[in-house]
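1. Fold the following, please.
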Amino acid sequence: MHDDQKVSYQPAGLESDFAYFSRAMAHPARVTILLEMIKSNGLVEGRVVDVPGMSPSTVIQHLREMKKNNIIEGRIFGMRSKYWISKETISFFQSVSQDFFSCFEAIR
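-> Purely as a prediction, here's the structure:
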């Protein structure tokens, strides 16, 4: 798949939606990268986000995976890089997560 392409996610119900985004973000490196991006207001331009203890090539690999899963958008290549956290995707995952965890309220 070309770097500028992404797979469009079609909501498929609580179980599938929660599992899809949980898997997409299930690597500690991806969580760390997102937290580092938040420090730059969710936007990185002209560079790869700096993550202590992680090589730029590892960061790029995880950025590409997150892009395929719609978690980030933009272009990820050297000095012409510009990518950002997809607020729409994060909001959707947040909503799905809240719906999922609210199912447990009955057993508290």
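2. contacts and neighbour counts: CA atoms only from here.
-> Will do.
3. Quick check: which element contains residue 67?
-> If you go by DSSP states H and E, residue 67 is part of helix 56-68.
4. Quick check: buried residues in that helix?
-> By 16 or more other C-alpha atoms under 10 Å, the buried positions in helix 56-68 come out as 59-60, 62-68.
5. And stretch 15-35, by the same measure?
-> For stretch 15-35, the neighbour count (16+ other C-alpha under 10 Å) marks 17-18, 20-21, 24-25, 29-30, 33-34 as buried.
6. Quick check: residue 83 is in a strand.
-> Yes: applying DSSP: H, G, I helix; E, B strand; the rest coil, one finds residue 83 inside a strand.
7. quick one: low-confidence ranges for the protein?
-> The chain contains residues with pLDDT under 70 at 1-8, 108.
8. Break down it into its strands, ranges please.
-> Under the criterion DSSP state E, the chain contains strands at 43-45, 72-75, 82-85.
9. got those strands as TSV, with mean neighbour count columns?
-> Converted to TSV, these look like this (neighbours: other C-alpha atoms under 10 Å):
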stretch	mean neighbour count
strand 43-45	18
strand 72-75	21
strand 82-85	20
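10. Tabulate these (CSV), appending distance to residue 96.
-> Formatted as CSV, the strands of the chain follow (distance: least, C-alpha to C-alpha, whole Å):
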stretch, distance to residue 96
strand 43-45, 24
strand 72-75, 18
strand 82-85, 18
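11. what sits against the residue nearest the centre of the chain?
-> In the chain, the C-alpha nearest the mean C-alpha coordinate belongs to residue 71, at 3.1 Å (C-alpha atoms, centre = their mean). The neighbours of residue 71, taking C-alpha atoms under 8 Å, 6 or more residues apart in numbering as the test, are 85-86, 89-90.
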